[in-house]
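*Asks:* The following comprises the amino acid sequence and a computationally predicted model.
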Amino acid sequence: MEHSTNLLQGILLLLVMSVASVAAFRTFKLPPILGYLLVGALSSENALGWLPENHSIEFMAEVGVVFLLFAIGLEFSVSQFMAMRRTVLGLGGLQMIFSTIIGFILLNYLNVSWQGAIVAAGAMALSSTAIVVKQLTDQGEMHERHGQLALGILLFQDIAVVPFIIAIPLLSTNTTADPDFIVMALHAFGNILVLALMLVTAHYVLRPLFHKVANAQSVELFNITVLLVALTSAWVTQSLGMSLALGAFLAGMLLSETEYKHQIETEIRPFRDILMGLFFITVGAKLNLAVLPELWLSILWLLLGIVVFKAILIGCLVRLFGNNKGIAVRTGLVLAQGGEFGFALLSLALSYGLLTADEVQADLAAIVISMAIAPLIIRSNDKVTRKLLRDSYLRQRYKDAHAFRQEVREVDNHVIICGYRRVGQGLARLLEEQGVPYLGLELDSKIVTEAWEAGESVYYADASRTEILMAAGIQRARLVVITVVDTEIAKEITEAARKKNKNIPIVVRARDDTYLEALIKLGATEVLPESLEASVMVARRVLEKLELPNEEIEQVVGRIRIEGYKQLKSFFHGTPQKATSKSETFLHSIVLLETDKAVGKRIADLNLESMGITLKALKRGEIRGDQPSPEMVLQTDDTLILEGKADRFKEIEKKIHGERKEKEAKSEAKPANSVTPIALAQLESNLSKTDH
C-alpha cells in the first residue's frame, strides 16, 4: 500500500509540474518537449528527488516510446516515399551517413567508445520532425522548396531510427576492443528473417482481424485490439533480443496500409502523448544539472556539431542536388537541431551500457539546447539567408520573379487567384467559362504540375512576396482573390497585395469570421467567411423557393454582408460547447418567474452592457419587441432574448434569478416559443403594437 501511495504521489507531482512547465513553454512558443525535460531535470534524484525511485515510471515511459514508433509506422506511406524517393533516399540518406560519420569522429575525439559513438552520432544526426513541421506550417513554408526538401530528409531520418534500434542490442554484446563481426552479422541476419516472417504473417492476419472488430461496432473493442496488436508486436521483437519500439514500428507500418489507419491514429493519440510526456520526463531526469558546468566544453563542441556543422553539411548536399544557394542555406537552417528520437536512442544506449552517464549528460544537454533555439532559427531562416548571401539571394529571387513576369507579360485585365486548391480551381473554371483571364499562384508543386499539364494557367509561386505579385501583373489586374486556408498566410498576401496596388479589389475566403476585422484593416475589400456564407446561401435559396422578388432577395443578402454578417453571428447553442470562433456570439433566452430578482425592475437596472450582454428582444405573451426601451419594467413570464459570449450567460442568469436554485428553475420554467433569427414584427417600447 505504501508503495502504491508513493507512486501515486510521484505521478501527481509530475503532472502538476508538467502542466505548469508546458503551459509556460507554450506561452513563449517553445516546444512542449523542453517543458517535460525541465520537469525531469528538476524532479530527478540529482535535484529535488521527487521522481519515484521504483521503475514504474521508466516502464510507462518505455511504453510511450512504443506508441511513438507505432505512430511513426502509421505515418509511413509507401506512396509518399516513392513520390519523394530522390530526396528521401538520396539527400536524406547522404545526410544521415555524413552526419553520423562527422559525429563519430567528433565523439571519438572526446574519448567515447566506438559503439557508443555510433549511436550518439546517429542520435545527433536526427532533427526534430515535430518542431520543423509545426514551425514551417505556421510560417506557411511547408510547400516551398526548402520545406519539401526538409520534409524528405526528415522522412528518411524517421526511417533511419529503426536500424539504430536494431543495432543497439547487437552492439551491446560486442563492447570489447575486438568485436566478432561474423557473430554480429549472423545475429542480424537471423533477426531480419524473423522480422520478415512477422511482416508476412501480419499482412494476412491484421486486415481480416480489424474487419471483424469494425463489424462489431464497438469503440472499446477497437481500442483494445489496437493496444493488443501494438504491444504484442513489441513483445515479440523484445523476446528476440531487439527493442520494444521496433516491433511497434512494424505493426504501425502494416496497419498504415489498411482503411483503419486514421481511426487508429485518433485512438492512440491520447496514450501516445501522455506516455511520451513521461518518457521525456525520464530523459530529463538523466540530466544532472550539477555536473553540466564541468562538461561545458564537450557540450559546446557537440552543440556546434549539431547546429553549425549539420547546417553547413545539409546546405552543401542540397546545393549538390541542383538547388540554388538560397534554398540550400534555408534547408540547412531549418534542420539545424537535434530531435526527439535522439533522446530515445540515447536512452536505449545508456540502458544497454554503450554510453556512460557523463557521456549521455553532454549529448542530452547539446540536443536540448539545440531544440530550444530551433524555433528561433527556423522563424528567421529567410532573414538569415538574406544576410549571409546578401545581394546574390535577392538577385536570385528577382531573377525568378523576372522569369515569371516574362511568361505572363501578355495577360491583362485578369484575376489573380492566390491558392489553387479546391476553391481556387473551382473559381478558375468558372472564370474560364465566362472568358475572364486568370493567373493561379500555388506552392504545392504536385498541384501545379498536374494543373499545368491539364492546360490551366497556374504557376508555382509564393503570393505573399511583393515581387511575385508585381510579376503577376497586379497593377493591370482586375481583381485579387485569396483562397488559401491558413489565415496568417492570407493576411500576409492581403498586406502585400494592398501595398502594391491601392485600388484593386481584394476578396478573401476565410473559414470563419475570427480574423474578419483584421483582414479588412490590412486592405481586404471583402472577406467571405465560409461558415456564414453557407447561411446566406441557404437563406437565398429559401427566399427564391418562396418566390420573393429578386430585388428583395438581393436587398436582404446585401444588407447581411454590409452589416458584416452581424445578424448571423449569434445563435442558440443548446448544450454548452466550444465556440468555433473567438469572436462568435450566441443567443440565449431566459423566462422570468414570479420569484426572480429581476421582476419589477427596469431593463436598465440589469446593467447588461457592463457584462458584455445585449438584450436583442423581449417577448411578452404573444408579442415580441426588438431592442426594447431601457425604461421598460420587467414582468413575470417575460422572455428575454440575450446576445453575447457563451461563458457570460451563467453570470447573467444568477443576476436575473437571484438565489433561485437551478433545479427549481427547471421545474417551474415554461418552455419558450421558438424565435426566428429575423424579427417578425417591430414593436415600440411600450409594446402597444402586436404581431398577428
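*Replies:* That came through, no problem.
*Asks:* Next, count neighbours for Leu304.
*Replies:* Residues within reach of Leu304, counting by other Cβ atoms under 10 Å, total 14. In short, each C-beta sits where N, CA and C put it, glycine included.
*Asks:* part of a helix, is it?
*Replies:* Yes - with DSSP: H, G, I helix; E, B strand; the rest coil as the criterion, Leu304 is located in a helix.
*Asks:* Mind pulling up the pLDDT for Cys575?
*Replies:* Quick fix: residue 575 is Thr, not Cys. Note on Thr575: pLDDT of 50.
*Asks:* do the same with the one 4 residues further on
*Replies:* Here the pLDDT value assigned to Ala579 is 44.
*Asks:* Please report how far the closest residue to Lys601 other than its chain neighbours lies from Ser347.
*Replies:* Nearest residue to Lys601 in three dimensions, chain neighbours excluded: Leu634, at 5.8 Å (Cβ to Cβ, 6 or more residues apart in numbering). Leu634 is 66 Å from Ser347, where distance means Cβ to Cβ, to the nearest Å.
*Asks:* Just want to know which of those two has more residues nearby.
*Replies:* Between Leu634 and Ser347, counted using other Cβ under 10 Å, Ser347 has the larger neighbour count: 23 against 20.
*Asks:* what about the residue nearest to that one when sequence neighbours are not counted, which helix or strand?
*Replies:* Nearest non-adjacent residue to Ser347, counting by Cβ to Cβ, 6+ apart: Val283, 5.9 Å away. Using DSSP states H and E, the element containing Val283 is helix 261-285.
*Asks:* buried stuff in that helix?
*Replies:* For helix 261-285, the neighbour count (16 or more other Cβ atoms under 10 Å) marks 263-265, 267-268, 271-272, 275-285 as buried.
*Asks:* any weak-confidence spans in the stretch 451-600 of the chain?
*Replies:* Applying pLDDT under 70 to the stretch 451-600 of the chain picks out residues 563-585.
*Asks:* Where do the helices of it begin and end?
*Replies:* Along the stretch 451-600 of the chain, counting by DSSP state H, counting those that start in this stretch, helices occupy 466-471, 487-500, 516-522, 530-545, 550-562.
*Asks:* Can you check which of these gets nearest to Thr232?
*Replies:* helix 487-500 (43.4 Å; Cβ to Cβ).
*Asks:* who does that closest one touch, helix- and strand-wise?
*Replies:* strand 415-418, helix 466-471, strand 479-482, strand 506-510, helix 516-522 (3 or more Cβ pairs under 8 Å, 6 or more residues apart in numbering; DSSP states H and E).
*Asks:* What ranges does the stretch 501-650 of the chain have for its strands?
*Replies:* Counting by DSSP state E, counting those that start in this stretch, the stretch 501-650 of the chain has strands at residues 506-510, 526-529, 586-591, 614-620, 623-626, 639-644.
*Asks:* could those strands be laid out in TSV, adding mean neighbour count and distance to Val119?
*Replies:* Formatted as TSV, those follow (neighbours: other Cβ atoms under 10 Å; distance: least, Cβ to Cβ, whole Å):
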stretch	mean neighbour count	distance to Val119
strand 506-510	23	48
strand 526-529	20	52
strand 586-591	20	56
strand 614-620	19	64
strand 623-626	19	72
strand 639-644	21	58
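*Asks:* Turn these into TSV, columns for distance to Gln434.
*Replies:* Below are the strands of the stretch 501-650 of the chain laid out as TSV (distance: least, Cβ to Cβ, whole Å):
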stretch	distance to Gln434
strand 506-510	16
strand 526-529	19
strand 586-591	40
strand 614-620	41
strand 623-626	41
strand 639-644	41
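*Asks:* Ser218: which of those strands is closest?
*Replies:* That would be strand 586-591 among these, by Cβ to Cβ, at 35.2 Å.
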